[in-house]
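Mind looking at a prediction? Sequence and model below.
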Amino acid sequence: MSGTRARIRYPSSRRTEDVDVLHGREVADPYRWLEDLDSAETRKWIADQNAVTRAWLDSLPDRDAICERLTGLWNFERFGVPEKRGGRYFFLRNSGLENQSVLYTMDSPEDAPRVLLDPNTLSNDGTAALTVHAPSRDGRRLAYGVSLAGSDWQEIRIRDVGTGQDLEDRIEWVKFSMISWTRDDAGFFYSGYDRPAPGESFAGVNYFQKLFYHRIGTPQEADSLVYENPEEKEWGFLGQVSEDGRYLVIHVRKGTLTENGIFYLDLDSWTAPADAAVVRFLDGFDAGYDFVGNDGGEFWFRTDLGAPRGRLVAIDIDAGGLAGPTEILPEAEATLECVHAVPGGFVAGYLEDAHSRLDAYDREGRLLRNLSLPDLGSVADFRARADDPECFYAFTSFTRPPAVYRYDAVSGRCDVFRQPVFPLAPEDYETRQVFFESRDLTRVPLFIVSRCGLDPAVPHPTLLYGYGGFNISLTPAFSVARMAWLEMGGVYAVANIRGGGEYGKDWHHAGIRRRKRNGIDDFMAAAGWLTDHGYTSPERLAIHGGSNGGMLVGACLTERPDLFGAAVPAVGVMDLLRFHKFTIGWAWVSDYGSPEDPEDFEVLYACSPYHNVRRGTRYPPTLVVTGDHDDRVVPSHSFKFAAAMQHAQGGDAPVLIRVAVSAGHGAGKPTAIAIEEAADILAFLKGELFA
């Protein structure tokens, strides 16, 4: 363990006298120079830090063996959920160790699939990723997005499905977009931004998103502007063409608020590039609305309007919504996570204490059947259409990789479509769900995964994971790295803390802005429960989280370093006073609050990991993880936090930072890079937590 090792000689991290006066308080920011990501000094700092980290990790006796084992475990066939268009099926498949999954097509489920698009051929290092893809309605063309080195920026290209060749069309500066084809397959709608100013493409703030229409065979400069709002710089737009092709339904977002607007465009009376007669239908931003489908002018929405855990309603757009919504599925005890229109009815996905349930209903909301699920797990990527009974979805759990199921919405029959074979048997591991009380006595769920027959009398190395933000639910999910951790004898735990969406809108709102403290308290209470009940001990307990979860880990680490034996904050929002100044960070004010607001500032300052590092504190072993091309949570968050921790460390435990090169926030990460990162993290944790 780290206490027996010599103290690390860290690279020099220059401290400056940068000080801001915020709401009458002086706030030091001695590492602000690390926000200049392209400066020679910052690049040297990254190289020097990586050299120290690499030397430390490579010295761990089990690191190479762990990497070899991970490579073996990762080498199994994996499948995505098919999408059916024009009688063709489109789906992703990875043979095992391919850096990026390959897109296949076939004319029937019984046919041999053929490769349509192999992203591995788009770059030499596997960092070109397929981010989004949408076949045209007739299945003859594919529009797809490509990102490089983990960036959120995408370039949309178009491929002829028959020939496998790309057309000349190229659409740049696309971000946070879907692709939705028109009924005639002549073009599609997408969302994008103006070309950034020179030097601003990576860290520059993203405002004024616009909705465009692209006609096949024309240059991007000719694309029609469908909708923008120059008076609302924070509005974002997702354009979705209804299945009948009649309407363009526009989801209008304000940052990451769950409350959104719904506008629409009658495509039968719109001809590009004429003025878009967009109807501002639901523009009160009083609730969240997810478009499910329509029957003519009757639109179906999953909404939390008057129902914090969600309900399904119908609204007549021909009446302008004046008649109000008609309830189809009322609010239930379980959280209504999603609804899909199928012939004659709906399939509803619920969360019961953070795990999935699927129910089928008719159009009047009468229950037809419950779709039996094999385990305590999660349903993902349900693909359905109102005019086709053939549906597909994936099911996964902590110990089962995603299997793809085919469901007939008319007969109710459900069969396995594709079943991966993983080297470790899921029956050798068990998942339990317990509930603990947080500091204010709120009941919080906790998943615990381990080998079967865990000895409760012996504290075990335990990895506790959390997120708690942005209405995102942590449901059972499969991970090769976690299975390797379990095989090593570790325990894995997931706390469903407030700020997530596990119990609907109220649960989310209980952990955001001036109540952000609740999620942090929940996570530390989960740590306390695990130690109090003998699963682990403080010196054998590690905490891990990414993005908002990285902030969570940093906040707990700086407040109660005595509770933990190790910490791995990944791509975290570590500076809660300047997050809004980069890329899409301004959108997170809905969850974090605004540093410009005096009351929000006090909460943020008290929680901000970077600002709560204290000189002379004995911090546990810490491995900060980020990517040099993360343009969502810019890596300066992690740089500044790591520099502050190294300067403050009062003990001998290592404080290291691992900066992945040509990597971003996590999406599209090549398999080879994912294996190397997982090996480093697991070797680090094993070296610190295992006796």
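Thanks, I have the structure now.

count of residues packed around His647?
Using other Cβ atoms under 10 Å, His647 has 15 other residues around it. To be clear about C-beta, it is placed using only N, CA and C from the backbone, and glycine gets the same treatment.

quick one: what helix or strand has it in it?
helix 636-648 (DSSP states H and E).

Send over that helix as CSV, restricted to the C-alpha atoms.
Taking C-alpha atoms only, helix 636-648 is exported to CSV below (Å, rounded to 0.1, in the frame of the first residue of the first chain):
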residue,chain,number,x,y,z
SER,A,636,-8.1,22.2,-17.3
HIS,A,637,-10.6,21.2,-14.5
SER,A,638,-8.6,18.1,-13.9
PHE,A,639,-5.2,19.8,-14.5
LYS,A,640,-5.9,22.5,-11.8
PHE,A,641,-7.3,20.0,-9.3
ALA,A,642,-4.3,17.7,-9.7
ALA,A,643,-1.8,20.5,-9.3
ALA,A,644,-3.5,21.8,-6.2
MET,A,645,-3.7,18.3,-4.7
GLN,A,646,0.0,17.6,-5.3
HIS,A,647,0.9,20.9,-3.7
ALA,A,648,-1.3,20.3,-0.7
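
residues of it that come out buried?
Using 16 or more other Cβ atoms under 10 Å as the test for burial, helix 636-648 gives Ser636, His637, Ser638, Phe639, Lys640, Phe641, Ala642, Ala643, Ala644, Met645, Gln646, Ala648.

Help me confirm that the fourth one comes into contact with Glu41.
Think Phe639. No - applying Cβ atoms under 8 Å, one finds Phe639 not in contact with Glu41, separated by 11.3 Å.

ok, which stretches of the stretch 101-250 of the chain are strands?
Ranges of strands in the stretch 101-250 of the chain, per DSSP state E, counting those that start in this stretch, are 102-106, 114-117, 128-135, 141-148, 154-160, 166-174, 180-181, 187-192, 210-215, 224-227, 235-241, 247-254.

Now mean neighbour count too, for those, in TSV please.
Listed next are the strands of the stretch 101-250 of the chain as TSV, based on neighbours: other Cβ atoms under 10 Å:
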stretch	mean neighbour count
strand 102-106	20
strand 114-117	17
strand 128-135	21
strand 141-148	22
strand 154-160	20
strand 166-174	16
strand 180-181	20
strand 187-192	24
strand 210-215	22
strand 224-227	19
strand 235-241	21
strand 247-254	22
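
would TSV of the ones you listed with mean pLDDT be doable?
Shown next, in TSV, are the strands of the stretch 101-250 of the chain (pLDDT from 0 to 100):
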stretch	mean pLDDT
strand 102-106	98
strand 114-117	98
strand 128-135	95
strand 141-148	96
strand 154-160	97
strand 166-174	97
strand 180-181	98
strand 187-192	98
strand 210-215	97
strand 224-227	95
strand 235-241	97
strand 247-254	97
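
what would those strands look like in a markdown table with distance to Pro426?
Listed next are the strands of the stretch 101-250 of the chain as a markdown table, based on distance: least, Cβ to Cβ, whole Å:
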| stretch | distance to Pro426 |
| --- | --- |
| strand 102-106 | 26 |
| strand 114-117 | 30 |
| strand 128-135 | 29 |
| strand 141-148 | 33 |
| strand 154-160 | 35 |
| strand 166-174 | 39 |
| strand 180-181 | 37 |
| strand 187-192 | 40 |
| strand 210-215 | 44 |
| strand 224-227 | 47 |
| strand 235-241 | 36 |
| strand 247-254 | 37 |
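
wait, which of those is closest to Gly664?
strand 141-148 (7.7 Å; Cβ to Cβ).

separation between Asn94 and Ala409?
Going from Asn94 to Ala409 by Cβ to Cβ, to the nearest Å gives 28 Å.

Those two: who's more crowded?
Ala409 (23 against 20).

phi, psi of that one?
Dihedral pair for Ala409: phi -70, psi -20, per degrees, to the nearest 10.

Might one say that it is in contact with Phe392?
No - with contacts counted by Cβ under 8 Å, Ala409 stays clear of Phe392, the gap being 11.2 Å.

about what we covered before: compare the strands of the stretch 101-250 of the chain and give me the one nearest Ala319.
Using Cβ to Cβ, those put strand 247-254 closest to Ala319, at 15.3 Å.

Show me which residues of the helix or strand following that closest one are buried.
Downstream of strand 247-254, the first helix or strand assigned by DSSP H and E is strand 261-266. Buried residues in strand 261-266, counted by 16+ other Cβ under 10 Å: Gly261, Ile262, Phe263, Tyr264, Leu265.

and the angle for strand 261-266 with strand 235-241?
40 degrees (axes from the mean of the first three to the mean of the last three Cα atoms, to 10 degrees).

which strands and helices sit next to strand 261-266?
Helices and strands touching strand 261-266, by 3 or more Cβ pairs under 8 Å, 6 or more residues apart in numbering; DSSP states H and E, are strand 224-227, strand 247-254, strand 279-282, strand 289-295.

Show me how far that strand is from its chain's centre.
Taking Cα atoms, centre = their mean, to the nearest Å, one finds strand 261-266 lying 26 Å from the centre of the chain it belongs to.

Can you show me the CA trace of that strand as PDB?
The C-alpha trace of strand 261-266 is given here as PDB (Å, rounded to 0.1, in the frame of the first residue of the first chain):
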ATOM      1  CA  GLY A 261     -40.600  23.400 -25.200                       C
ATOM      2  CA  ILE A 262     -42.200  21.600 -28.200                       C
ATOM      3  CA  PHE A 263     -42.500  23.500 -31.500                       C
ATOM      4  CA  TYR A 264     -43.600  21.900 -34.800                       C
ATOM      5  CA  LEU A 265     -43.600  22.500 -38.500                       C
ATOM      6  CA  ASP A 266     -46.200  21.200 -40.900                       C
END
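
that older thread, nearest to Lys516, of the buried residues of helix 636-648?
For the buried residues of helix 636-648, the nearest to Lys516 is His637 (16.4 Å; Cβ to Cβ).

And the furthest pair within the buried residues of strand 261-266?
Across these (Cβ to Cβ), the longest gap, 13.6 Å, separates Gly261 and Leu265.

Return the residue spatially closest to Tyr57, with its sequence-adjacent residues excluded.
Check again: residue 57 is Leu, not Tyr. Closest residue to Leu57 apart from its sequence neighbours, by Cβ to Cβ, 6 or more residues apart in numbering: Asp680 at 5.0 Å.

And the strands in the stretch 251-400 of the chain?
Using DSSP E, counting those that start in this stretch, the strands found in the stretch 251-400 of the chain span residues 261-266, 279-282, 289-295, 298-303, 311-316, 326-329, 335-342, 345-352, 355-362, 367-371, 378-385, 388-396.
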